[in-house]
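1. missing the sequence, but the structure's below:
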């Protein structure tokens, strides 16, 4: 044994004697990770957060969260002699006088964009594949909460430099708070310390941005990862993939090497973006002035939907009993956001109530196999996207050379019509893809070989679907169906009353699907592979077999408590 090996063994034994870490570490290193590209989306969010922490620590060393008025005499000569806040002056100093400061600022900003985008796409992946189902409802709610905190953190972060663009965003925030009936004025004065903009908003946002929300995000990410390890990963449908195992590669060395390379790739892409793609050039906007605003100003993409909702909402304003109710601000600021966040958070429980499905699910759905859920998700994406696009209606109007008011009018109709069309089109596509899968199971894969029968008829030879493909095609989660009573039949308890009838109707819509051909599905026997018009007698597809011990994690096999 070499000296290095003796040193490592001795160090490991020293720690194990005191902390008893050998068994947990060994179990951790044997943890199995499914090998599917979509699972990398969550890692993008995690690694972006790490980059944010590293670059944010650097920026805090030089940023001055103060609204004290100073006269600028720095390297950026176009603003020489201009009065500005100390926060804005220190941001200019970071950009032009601190070595690597501008690069760090841009890496921080691009990482924030990537962080929020990765969480959003990750949430969509979880939603469309049904990975939120029992036992992962709590982890789903944690994910929705992290998304909410992420775009709030971004809003407060880009407000810190106190430039004209971020100041305009704060002005909108003030208007939203003022629109809250009865207590809006008090909340605004509490946050801003008096009349807008006051002298305490930047220090307060700074504490929230660098301390409060990052601590909450760190705690939620830790809880999210712990639950993920404890409950095991979900996995995509495939040969040998069941609700009682996890098929993939171990943490060491495969996953550690892959995820380490992935972190450096994400960091490299972020650094390249920051080097060649300028973002938030605060020196162009100038210091914040409550009387000024720049044309074509846009928030970061994740706040665009709220900007669009504010722009498209009709001018509803009431005065009742001496109180002003600015519904043209209050409703668009809180109603769409509330619908999206609340809808996402409660959907697992709504789906469980409609279907009565309380089984544990560890194999994900293909989106096509849950057509109603997928259609609802695309309707939500369309709803969000129309508001996001309307947030740039002045830019759209300019580039398309149409009236600004026309873009708003179009958006007011599209916000209702678009989600309905998206729902219908998506559901038709999903059902069509299901029919295609059924056709493949019944008739096999076309080979391009043409055969002439003794009768003179020409047919195309097909071959059976291979085992891996068949396992994917047959991987359908059978949802319980609540049947409505027929004639004088006594309805089931779940179908009684108005609520029961509603549940039956919703169940019928949610479980709508194209049935698999008889003899197929869930690993049972398979039919012959023929068209019934001369193709009978072709070999049947091979049934899926059991996965071997290599890369297979049995229940409880990693000591994680399952």
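-> Arrived safely, thanks for sending. Everything numeric here is computed off the predicted structure, so don't read it as measured data.
2. May I ask which helix or strand of the chain has the lowest mean pLDDT?
-> Lowest on mean pLDDT, DSSP states H and E among the helices and strands of the chain sits strand 552-553, with a mean of 49.
3. where does the stretch 51-200 of the chain dip in pLDDT?
-> Judged by pLDDT under 70, the stretch 51-200 of the chain has no weakly predicted residues.
4. pLDDT below threshold where in the protein?
-> Per-residue confidence of the chain (counting by pLDDT under 70) places the weak regions at 483-496, 519-562.
5. the strands in it, which residues?
-> When secondary structure is read from DSSP state E, the chain shows strands at 32-33, 69-71, 83-85, 246-247, 249-250, 318-320, 323-325, 445-452, 458-463, 552-553.
6. Which helix runs longest in this structure?
-> Ranked by number of residues, the top helix in the chain under DSSP state H is helix 404-443.
7. Between strand 445-452 and that helix, find me the angle.
-> Our comparison of helix 404-443 with strand 445-452, counting by axes from the mean of the first three to the mean of the last three Cα atoms, to 10 degrees, yields an angle of 60 degrees.
8. Give me the angle between helix 404-443 and strand 458-463.
-> Here helix 404-443 points in a direction 90 degrees away from that of strand 458-463 (the same axes, to 10 degrees).
9. Just the buried positions in helix 404-443, please.
-> By neighbour count on 16 or more other Cβ atoms under 10 Å, the buried set for helix 404-443 is 407-408, 410-411, 414-415, 418-419, 422-423, 426-427, 429-431, 433-434, 437-438, 440-443. Just so you know, the C-beta spots here come from the backbone N, C-alpha and C atoms, and that holds for glycine as well.
10. just stretch 298-316 next, same as before
-> Neighbour counts over stretch 298-316 (16+ other Cβ under 10 Å) mark 299-313 as buried.
11. and residue 497, how many residues sit next to it?
-> The burial count assigned to residue 497 is 11, neighbours taken as other Cβ atoms under 10 Å.
12. again with the one 5 residues further on
-> Neighbouring residues of residue 502 were enumerated by other Cβ under 10 Å; the total is 12.
13. Same question for the one 10 residues further on.
-> Other residues near residue 512 number 15, with proximity taken as other Cβ under 10 Å.
14. picking up where we left off before, out of the buried residues of stretch 298-316, which are inside helices?
-> With helices identified by DSSP H, the entries of the buried residues of stretch 298-316 that belong to them are 304, 305, 306, 307, 308, 309, 310, 311, 312.
15. Looking at those, which one is closest to residue 515?
-> When those are compared for distance to residue 515, the smallest value, 38.6 Å, is given by residue 305; criterion: Cβ to Cβ.
16. ok, the residue lying closest to the closest one once chain neighbours are set aside to residue 338 distance?
-> The shortest distance from residue 305 to any non-neighbouring residue, by Cβ to Cβ, 6 or more residues apart in numbering, is to residue 387 (4.1 Å). Going from residue 387 to residue 338 by Cβ to Cβ, to the nearest Å gives 13 Å.
17. Of the two, give the one with the bigger neighbour count.
-> Residue environment comparison for residue 387 versus residue 338 gives the larger neighbour count to residue 387, 25 against 11, counting by other Cβ under 10 Å.
18. For the more buried one, which residues are in contact?
-> Neighbour list for residue 387: 304, 305, 306, 308, 309, 312, 336, 411, 415 [criterion: Cβ atoms under 8 Å, 6 or more residues apart in numbering].
19. can we see that at 6 Å?
-> In this structure, residue 387 makes contact with 305, 308, 309, judged by Cβ atoms under 6 Å, 6 or more residues apart in numbering.
20. Columns distance to residue 9 on top of those residues, output as TSV?
-> Compiled in TSV, the contacts of residue 387 are given as follows (distance: Cβ to Cβ, whole Å):
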residue	distance to residue 9
305	56
308	61
309	62
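21. between those, which is nearest residue 178?
-> Using Cβ to Cβ, residue 309 comes nearest to residue 178 of the contacts of residue 387, at 16.7 Å.
22. Distance of that closest one relative to residue 38?
-> With distances defined as Cβ to Cβ, the gap from residue 309 to residue 38 amounts to 30 Å.
23. and if you look at residue 77?
-> Counting by Cβ to Cβ, the gap from residue 77 to residue 38 is 50 Å.
24. Just want to know which of the two has more residues nearby.
-> It is residue 38, of residue 77 and residue 38, that has more neighbours when counted by other Cβ under 10 Å, with 16 against 10.
25. Can you report how many residues lie near the spatially closest residue to that one that is not a sequence neighbour?
-> Spatial nearest neighbour of residue 38, chain neighbours left out: residue 125 (5.1 Å); criterion: Cβ to Cβ, 6+ apart. Neighbour count of residue 125, defined by other Cβ under 10 Å: 16.
26. Renumber starting at 17 from here on
-> Got it, the first residue is 17 from now on, which makes the last one we talked about residue 141.
27. All good on my end, thank you.
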